[in-house]
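Colleague: Build me a model:
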Amino acid sequence: MTVQPSAPRIGGWLFVPLAWLIMTLLTSTLVVAMYLSAFLSPDLRQALFSQEHAFTLQWTLSLATSLLVWIYSAWVTWIFCKRSRRLPRHYIIWLLLTVLLAIKTFAFSPVTDGAAIKTLLIALLAASLLVPYFKRSQRVKTTFIEH
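Modeller: Below you'll find the predicted structure:
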C-alpha cells in the first residue's frame, strides 16, 4: 500500500495573506455592526428615516456593500482554511475588490483625504504584492489543491 503525500499545510508566507483576510473580515464586521446599530437606537433610527430619500438610499447601499464584503470575505476565509483549489482565483478577485472599494472611499466617502489615501495605498500595496505571489508561487500551487 502506497501512501499519498499530502499537500503542505498553510504556513510560512501564506500566513500574511490569511492575516490580511482576517483583518478585513474583522473590519467589515465592525462596519456592518456600525450600520446596523442605527436600527437599535431610537434616536438614530428616527434621524436616519427622517432624512431625504437620497441619504437613506446611500445609507442602504453602503450597508448592502458592507454586508456583501463581509459575506465574500468570510467565504474566502473559509476556502482559504479548507485549502480549496478555487482560493487563488478568488483571493485575487477579493484583493482587487478591496482596491475598488478603496477607490470608492477616496472618491465618494465623506472622510478626510489623508484617511482615504492611506486606505487606498494599503489596498494597492497588498494587491501589488499578493497578486503576483498567488499567481506564481509554487507554495500556493502545492497548498491549495483540495476540492
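Colleague: What residues of the helix or strand of the chain with the lowest mean pLDDT count as buried?
Modeller: The least trusted helix or strand in the chain, going by mean pLDDT, DSSP states H and E, turns out to be helix 42-49, with a mean of 78. Buried positions in helix 42-49, judged by neighbour count with 16 or more other C-beta atoms under 10 Å: residue 48. Every C-beta, even on glycine, is put in place using the N, C-alpha and C of the backbone.
Colleague: So what touches that helix?
Modeller: With C-beta atoms under 8 Å, 6 or more residues apart in numbering as the test, helix 42-49 has contacts from 37, 38, 39, 56, 59.
Colleague: who touches the third one in this structure?
Modeller: In this structure, residue 39 makes contact with residue 45, judged by C-beta under 8 Å, 6+ apart.
Colleague: ranges for the helices of this protein?
Modeller: With DSSP state H as the criterion, the chain has helices at 15-40, 42-49, 53-81, 87-108, 113-136, 138-143.
Colleague: Same list (these) but as CSV, adding distance to residue 8.
Modeller: Formatted as CSV, the helices of the chain follow (distance: least, C-beta to C-beta, whole Å):
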stretch, distance to residue 8
helix 15-40, 13
helix 42-49, 49
helix 53-81, 14
helix 87-108, 14
helix 113-136, 15
helix 138-143, 5
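Colleague: rank those by mean pLDDT and give me the bottom one.
Modeller: Per-stretch mean pLDDT for these is lowest at helix 42-49 (a mean of 78).
Colleague: can you give me the angle it makes with helix 15-40?
Modeller: Interaxial angle of helix 42-49 relative to helix 15-40 (axes from the mean of the first three to the mean of the last three C-alpha atoms, to 10 degrees): 90 degrees.
Colleague: what angle do helix 42-49 and helix 53-81 make?
Modeller: Going by the same axes, to 10 degrees, helix 42-49 makes 110 degrees with helix 53-81.
Colleague: quick check, distance from helix 42-49 to the centre of its chain.
Modeller: Centroid separation between helix 42-49 and its chain, computed with C-alpha atoms, centre = their mean, to the nearest Å, is 29 Å.
Colleague: wait, doesn't residue 84 sit right on residue 140?
Modeller: No - the criterion here is C-beta atoms under 8 Å, and residue 84 misses it with residue 140 at 12.0 Å.
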